[in-house]
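Peer 1: could you look at this predicted model? Sequence included:
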Amino acid sequence: MASGTHDSDWRHFQDQVAEILNLIPGCVARVNQPVHGTRIGTVRVDVLAELRSNGFVFRVIVECKFWRRPIPQEKVFSLNTVVEDIGADRGYLISEIGVQSGAAEYLSHPSNVRALTFEEFKSIVANDRFIENCGRCGVKILVSRRPRAGKTAHCRACYRLLRATPRRLEYAAEHERAMSLASTVGFQLVGGTLGSDVKSSLETAVAGGAGFPNATQPLAIFRESLAAAIRSIESQPRGKLFRDFLSKGPYERQGKVPTKLRHQRLSDQETADTIAFIFSHMVNCFKGALTEMLATAPCLHILRELQAQKRLPREARLYVGDAVWAAPREGEGFAKAADLHILVERRSPKATPSVVLAGVAEVKSYFLPPERLGRQLDRHLARARRGLRVGKVAYGPDQITVGCKGGRPAVRITVLPADWNLPRTFHFERKDGRKLLHVDPGVPPSDADSVERVGPLQWRVTLRWSKEALDAAAYEMTFWFMEKLGEVLYSSGVPKEWEGMSPAQAGQNAAKMMLYYAILRCRTVRNNQRAIALYNSYGFGYALGMSFRNPQGRREMLWPQDLDEILATGQNKDGCRIV
C-alpha cells in the first residue's frame, strides 16, 4: 500500500490527510475550514472535503487526531454531532492507533461516521496502488507499483514532457529548468492575502471541474503557471542576455569601458536592452500568469449561473490558458488562443467528435477601453472558427459550433484589475540591533470580485486586486527569479571577491549590484528611469521604490536616510517625496 511516513507535527498530519484526499479525482480538500450548523453554530473542522461527480456534490468532514493513545468515545460523539448538524454526507476520524473500545462499540452500529488509522486511510485511497511523490514537480500521485531502485515516478504531465522525441527532450530540458525553480516555492511567493486568494481561486476552479493544461491540483497548477512564465522569459532572444546581465553585468563605473573588459562586460546597448526586457516582458509574464489564476473563480461563477438558468448545458466546462489552442489567422497549426474558454465537447464512438464554443474570456492585468477588448474577443472567436485543439484533440471548422443554445452568440467575458493604490505609509522597527523597514500592506477595499452583466451575454469582471497590487506582486516574483537564477549561475563557485558567500547570497548580491551598475550605464532618460525603478523597488518594495520622485517628477535613487527625512519632514533634503 502507500509508503512513507508522516511528520510528527499535528498540523502537518492534517495537511497530509488533505493532500491524500486531493488525489481522488474531483475531490478538493481544505484544512481548518469553518462550517455552520443550525444547533452548533459555526465551528472549524480539521479537513473539509467536497467530491463532485456527475453534477452531485458530496461533503465529507475529517477530524485528524495525532495522538499516541486511542481516541475516546466523546470525540466520536462530537464528530457525529457536527456531521448531522451541518448535513455532511460522511465523517471520518483519522488517528494514529485507532479508538477506545467504547468508541469502537458505538461505531459498530449504522452511522455516517467512521474511524480509520492513518495507514488504513492511505490504503483505502490508494486502492491497491501506492502513494508516491512525482520525481519532477513533487506532487503526490497514485502509482500501480513502486519505482525500482534508483528510479522515480512521475505525474502524467511530467511524464508527457519527458517522452523521448527530440523536440520533447528539448522542451523537457527547458521545462526542467523552469520547474526546478518553480517547485521551490508556493503561494507565499505572491504575499499572504493575495497568495491565499490565488489558492482559493484555483481550488474553486478545480472543484468546479475546470480544465488546466498540465496539472490538476492547485499548488501544481500554480507552479506550472510560474514555470510557463519562466519558459516564456528564457525562450526570448534576450533571455540569454539576461543571464549574461547577472553573470557578467554592466561596466561598474561611468565613462568609457576599458578595452580589456569589453568582452567581459555588457555593452551599454545590451544593458539598456536587458533593463527594458526586465521592466516590460519579465514583469508582464509574471503579472499575466497571476491575473489569469485569479480570474478562474469569477469566470466559473458566470458559467454556473448560466447553467442554473439553463442557458448553457450541464456538460459545459471552463478551460484555462493553454488547455485550448486556436488556429492562427494565417497558416497551419495552432497558436495561443483566448485566456479562458467555455466549451461543450461531444465525443461518441458512433459519431464524429464535435465541440461547441459557448464562450471566451479575455484577462488583462492592465486597463484597456471596452472597444479594444471587444475587438480582441472578436479576433479570438474568428480564429476559433478556423480550428481548435483541446488537449490532444484537434477540431476542424466543420466540427466547431460557435454560440449558445437557441442560436444565441457566444458568452463574452472581460476581466480587469481594480483601480486603487497601495499605501505609501511606512515605519521603522529595531530588532536585534537592526533597523527594519515596514511598509504598510495593500488591503483591497472589497471582499470579493465584482461581476457585472453589461450586455445580453456579456460580463465584465473587476478583480478585487488592483493593477498596482498586481504590479507589486509581479515585481517581487521578478526579483525572486533574478535571485534564483543568480543562485544557479553561481552554484559551481562564486567570484573571488565574493568569497564566503553561498550561491544563494551570491545570486541576491548579483541581482542588486547589477541593477545599480545599470543606472550608471543607461544613456537615455527612459532607460535611466526604468533602471532606478527596478533598483529602488528591489531594495524598498514597489510602493516606495516606484514613487520616490524629485520636484520635477522624475525618479531618484532611494536611500534609507531619505526615508528618515521623509518621516520627519515629508521630503528629503533635495525636495524628493513619496508621491
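Peer 2: Ah, there it is. Numbers count the residues shown, from 1 in each chain.

Peer 1: contacts, neighbours, all on C-alpha from now
Peer 2: Will do.

Peer 1: report the central residue of the chain.
Peer 2: Closest residue to the average C-alpha location of the chain: residue 222 at 3.2 Å, with Cα atoms, centre = their mean.

Peer 1: that one contacts residue 187, doesn't it?
Peer 2: Yes: using Cα atoms under 8 Å, residue 222 is in contact with residue 187, at 7.5 Å.

Peer 1: what about residue 118, neighbour count?
Peer 2: 23 (other Cα atoms under 10 Å).

Peer 1: how close does it get to residue 92?
Peer 2: 11 Å (Cα to Cα, to the nearest Å).

Peer 1: same check, this time on residue 369
Peer 2: Taken as Cα to Cα, the span from residue 369 to residue 92 is 52 Å.

Peer 1: what stretches of the stretch 101-250 of the chain score poorly on pLDDT?
Peer 2: Applying pLDDT under 70 to the stretch 101-250 of the chain flags the ranges 128-129, 139, 144, 156-173.

Peer 1: mind redoing it with 50?
Peer 2: 164-165, 167 (pLDDT under 50).

Peer 1: show me the strands in it, by range?
Peer 2: 113-117, 130-133, 140-143 (DSSP state E, counting those that start in this stretch).

Peer 1: then the stretch 251-400 of the chain?
Peer 2: 317-320, 324-326, 335-336, 340-348, 351-363, 388-390, 393-395, 400-402.

Peer 1: and among these, the most buried is which?
Peer 2: Of those, the one with the most neighbours on average (mean count of other Cα atoms under 10 Å) is strand 324-326, at a mean of 25.

Peer 1: what helices and strands are in contact with it?
Peer 2: Helices and strands touching strand 324-326, by 3 or more Cα pairs under 8 Å, 6 or more residues apart in numbering; DSSP states H and E, are strand 335-336, helix 370-386, strand 388-390.

Peer 1: quick one, which of those is nearest to residue 416?
Peer 2: helix 370-386 (10.2 Å; Cα to Cα).

Peer 1: tell me the angle of that closest one relative to strand 351-363?
Peer 2: On the basis of axes from the mean of the first three to the mean of the last three Cα atoms, to 10 degrees, helix 370-386 is oriented at 160 degrees to strand 351-363.

Peer 1: next, residue 413: secondary structure please.
Peer 2: strand (DSSP: H, G, I helix; E, B strand; the rest coil).

Peer 1: and it, what does it touch?
Peer 2: Contacts for residue 413 were tallied using Cα atoms under 8 Å, 6 or more residues apart in numbering; they are 299, 359-362, 458-461.

Peer 1: need the strands of the stretch 101-250 of the chain in TSV with mean neighbour count, can you?
Peer 2: Shown next, in TSV, are the strands of the stretch 101-250 of the chain (neighbours: other Cα atoms under 10 Å):
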stretch	mean neighbour count
strand 113-117	19
strand 130-133	21
strand 140-143	21
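
Peer 1: in the protein, what helix or strand scores lowest on average pLDDT?
Peer 2: helix 156-161 (a mean of 64; mean pLDDT, DSSP states H and E).

Peer 1: hmm, back to that, residues contacting the residue nearest to the centre of the chain?
Peer 2: 186-187, 293.

Peer 1: can you flag the buried ones in these?
Peer 2: 187, 293 (16 or more other Cα atoms under 10 Å).

Peer 1: show me the one of the strands of the stretch 101-250 of the chain that comes nearest residue 248.
Peer 2: Smallest distance to residue 248 across those (Cα to Cα): 37.7 Å, for strand 130-133.

Peer 1: tabulate the CA atom coordinates of the closest one in PDB.
Peer 2: Taking Å, rounded to 0.1, in the frame of the first residue of the first chain, the C-alpha atoms of strand 130-133 are listed here in PDB:
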ATOM      1  CA  PHE A 130       1.000   3.300  -4.000                       C
ATOM      2  CA  ILE A 131       1.200   6.900  -3.000                       C
ATOM      3  CA  GLU A 132       4.500   8.500  -4.200                       C
ATOM      4  CA  ASN A 133       5.900  12.000  -4.900                       C
END
